[in-house]
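Asker: Kindly return the folded structure for what I paste below:
(2 chains)
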Amino acid sequence: MTGDKIKLNPGWERRYKNARFLIYLIFILSITYFSYLVLFPSTNFVFSFKNPDSLKNTIADPRKENGELIRNGQIEGDEKMIFDTNLVGDFSEAEISFTLTKKSSIVEDGSVSVRKSFRSFFYPEGEAITKINPPQLFKIKEDYYQLKDDTLYKFVSEKAYLSNYDSKQALIKDESFLKNYSLAEEFIGFRDGTLLSSDISVFVVSGNKIWPINNPTTFTSSGWDWNDVIAASGEEIGIYQKEKLLTLKTPQLDGTIFFDKNTEKYYLISDRQKHELASKDALDFYSKSKPLLAEEKNLDIKIDCNLTNSLGLLKKYSCTIPISEMKDFSGNDFEFKAFFGNDVDVQNISVTFKKKMNIENLKSTLLTLKNRTLLNYGQIQ
Amino acid sequence: MDKFNNMLKGNLGIFLYKILNDILALLFVTFALLLIFEGVMPGLVSAYMSFTRLLLIIFAVLASVIYLGKINEIKFEVENKKTALFYGLIIFAIILIVNSILKFDWWEITVITLISITLLYYFYKNFLKNKS
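Answerer: Below you'll find the model as predicted:
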């Protein structure tokens, strides 16, 4: 018997035709469902207090208002639980749900609020920076140096110096000047927040460390510009300690400058605080840093919802917050603040961002897909 | 095992064979389309489904088709002449190879594509064609 001569008796032939119809139907339904998933995507973030260190936890840092991390899920009635999610793309609503442990008391009057900005821009405001000691800078032959505590620190390259200061700020000295001071072994590198590239990797500088950026989506959604990336040599990269991958979850690093165009204020991120640059000296000193645009007024805009037990039996409380009005807010961080009303023991948190099925969202997704295609082919050299 | 084989002989076995053939054809078409989508927009498909799983399903269905064909003594007839499908597959392979190395120089793309297609043709000629 060969492939084209396979015959079934009439009863089985009928069954075969019915089964084939069913398979084609399932195939068409699967394609329709897959298209729905692509065109109206949803993104889910989770955190399990059973495994707080698990890499599967995509919700960042559940914590109390004082910043103390919550590792066991227990929270008292008068406290609030804060956590963050970071995502790219426009979504219509966020469904937040909390699953409590069996022994936990129930939630009677719980609510959740959300606000959107950059993760670091949510930091509390610290002391404003008013006074900056002018640096003592020197140029000896082609090299640049800075004098600190009677020690000369050499800049790793001219590019590194120029990322910090203007060339006219350095006093020109001859080589004999080097004999007056001890020379430090460490080099001075690029200004904090500088973007460096080496091979196909792009890094962000902060202090004596560099963070490799995990992918182009993180880069673009963090507010950075490809034109600001400086090609660095092996020597320039070599003076830094390499940190773990910088992802969407990573808060903006120390040295990041934010600018609010409404208030025309600049802020510097340092030690989990934001400090206003409140003098001309401070503004001049950080003038070489390219700021990220953020809006202070958005920090006060919160949308909330009341937690309800939709399933009845299970200790699962959820509510949905419309977030489409936040789509034009700068930043990619959604900061959630949950209040439970009484002492509870949370087992899991889940946040699902959804797109409603409508023409506007369809257009938005198609535009995103088009841009992704262009991004894929746009970097061809 | 013999009881199981006997059960799959005759109408039930041929019915399953034909249904699995249809499923295999649909899976091949789906796999090819998904590969193109993933090539054009990386992450579009892999964000929702695993290509490895799909490939494993294809192999499982293929193995079942071969097994059922063997039990029911259904033989394959591979035509020696080059069909439109053969040329279609070659063009599809070229598209996938070129798309995956677009960031290379044009001469590198040409060399890699030519070598890949030659190797594919060599495998076809020495393993599939001779076997048939």
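Asker: ok now do the one residue in chain B that gets nearest to chain A, which residues does it touch?
Answerer: Closest residue of chain B to chain A, CB to the nearest CB: residue B:11 (4.3 Å). To be clear about C-beta, it is placed using only N, CA and C from the backbone, and glycine gets the same treatment. By CB atoms under 8 Å, 6 or more residues apart in numbering or on different chains, the contact set of residue B:11 is A:8-9, A:12.
Asker: Quick check on it: phi, psi?
Answerer: Per-residue torsions, residue B:11: phi -60, psi -40 (degrees, to the nearest 10).
Asker: ok, it to residue A:15 distance?
Answerer: 9 Å (CB to CB, to the nearest Å).
Asker: Chain B: which of the contacts of residue B:11 is nearest?
Answerer: residue A:12 (4.3 Å).
Asker: quick check, the closest one in a helix?
Answerer: Yes - secondary structure of residue A:12 (DSSP: H, G, I helix; E, B strand; the rest coil): part of a helix.
Asker: so what's it closest to, chain neighbours aside?
Answerer: Counting by CB to CB, 6 or more residues apart in numbering or on different chains, residue B:11 is the residue found nearest to residue A:12 once chain neighbours are left out, at 4.3 Å.
Asker: ok, now residue A:178?
Answerer: In this structure, residue A:178 finds its nearest non-sequential neighbour in residue A:140, 6.4 Å apart by CB to CB, 6+ apart.
Asker: Check which helix or strand the residue positioned nearest the centre of chain B maps to.
Answerer: Nearest to the mean C-alpha position of chain B, by CA atoms, centre = their mean, lies residue B:28 at 6.0 Å. Per DSSP states H and E, residue B:28 falls inside helix B:11-40.
Asker: Sketch out the low-pLDDT regions of chain A for me.
Answerer: For chain A, the stretches with pLDDT under 70 are A:1-5, A:311-313, A:379-381.
Asker: So it: which segments form each domain?
Answerer: By the assignment in automatic domain parsing, chain A contains the domains A:8-38, A:43-118+A:298-370, A:136-293.
Asker: Quick one: residues contacting the spatially most central residue of chain A.
Answerer: Centroid-nearest residue in chain A: residue A:248, 3.0 Å away (criterion: CA atoms, centre = their mean). Contacts for residue A:248 (CB under 8 Å, 6+ apart) come out as A:86-88, A:217-218, A:221-222, A:332.
Asker: Near chain A, which residues of chain B are found?
Answerer: Residues of chain B lying close to chain A by CB under 8 Å from any CB of the partner chain are B:11-12, B:14-15, B:17-19, B:22-23, B:26, B:30, B:40-44, B:48-49, B:72-77, B:102-103.
Asker: Out of those, which end up buried?
Answerer: Among the residues of chain B next to chain A, those classed as buried by 16 or more other CB atoms under 10 Å in any protein chain shown are B:11, B:14-15, B:17-19, B:23, B:26, B:30, B:41, B:44, B:72, B:74.
Asker: Tell me where the stretch 201-350 of chain A has helices.
Answerer: A:216-221, A:234-238, A:280-285 (DSSP state H, counting those that start in this stretch).
Asker: Run through who's touching the second one.
Answerer: So that's helix A:234-238. Under CB under 8 Å, 6+ apart, the answer for helix A:234-238 is A:156-157, A:159-160, A:189-190, A:196, A:198, A:203, A:210.
Asker: Would you mind listing the buried residues in it?
Answerer: So helix A:234-238, judged by 16+ other CB under 10 Å, has buried residues A:236-237.
Asker: Provide the partner residues of the nearest residue in space to residue A:348 that is not next to it in sequence in its beta bridges.
Answerer: Nearest residue to residue A:348, sequence neighbours excluded (CB to CB, 6+ apart): residue A:99, at 4.3 Å. Here residue A:99 sits in beta bridges with residue A:316, residue A:348, going by DSSP bridges.
Asker: Any figure for the gap between residue A:99 and residue A:107?
Answerer: Distance, residue A:99 to residue A:107, using CB to CB: 11 Å.
Asker: what is in contact with those two at once?
Answerer: Shared contacts of residue A:99 and residue A:107, defined by CB under 8 Å, 6+ apart, are absent.
Asker: which of those two has more neighbours?
Answerer: residue A:107 (24 against 19; other CB atoms under 10 Å in any protein chain shown).
Asker: okay but residue A:104 is in contact with residue A:345, surely?
Answerer: Yes - counting by CB atoms under 8 Å, residue A:345 is a contact partner of residue A:104 at 3.7 Å.
Asker: Between those two, point out the one with more neighbours.
Answerer: Taking other CB under 10 Å, residue A:104 and residue A:345 do not tie; residue A:104 has more neighbours (19 against 16).
Asker: what's near enough to touch the more buried one?
Answerer: By CB under 8 Å, 6+ apart, the contact set of residue A:104 is A:315, A:344-347.
Asker: re earlier: tell me the spacing between the residue nearest to the centre of chain A and residue A:154.
Answerer: To residue A:154, residue A:248 is 36 Å away according to CB to CB.
Asker: For residue A:297, which non-adjacent residue is spatially closest?
Answerer: Nearest to residue A:297 is residue A:262, by CB to CB, 6+ apart, at 6.2 Å.
Asker: thought the one you found was touching residue A:299?
Answerer: No - applying CB under 8 Å, one finds residue A:262 not in contact with residue A:299, separated by 11.7 Å.
Asker: would you list every one of the strands in the stretch 251-381 of chain A?
Answerer: A:257-260, A:265-270, A:273-276, A:292-293, A:303-306, A:316-322, A:333-339, A:344-354 (DSSP state E, counting those that start in this stretch).
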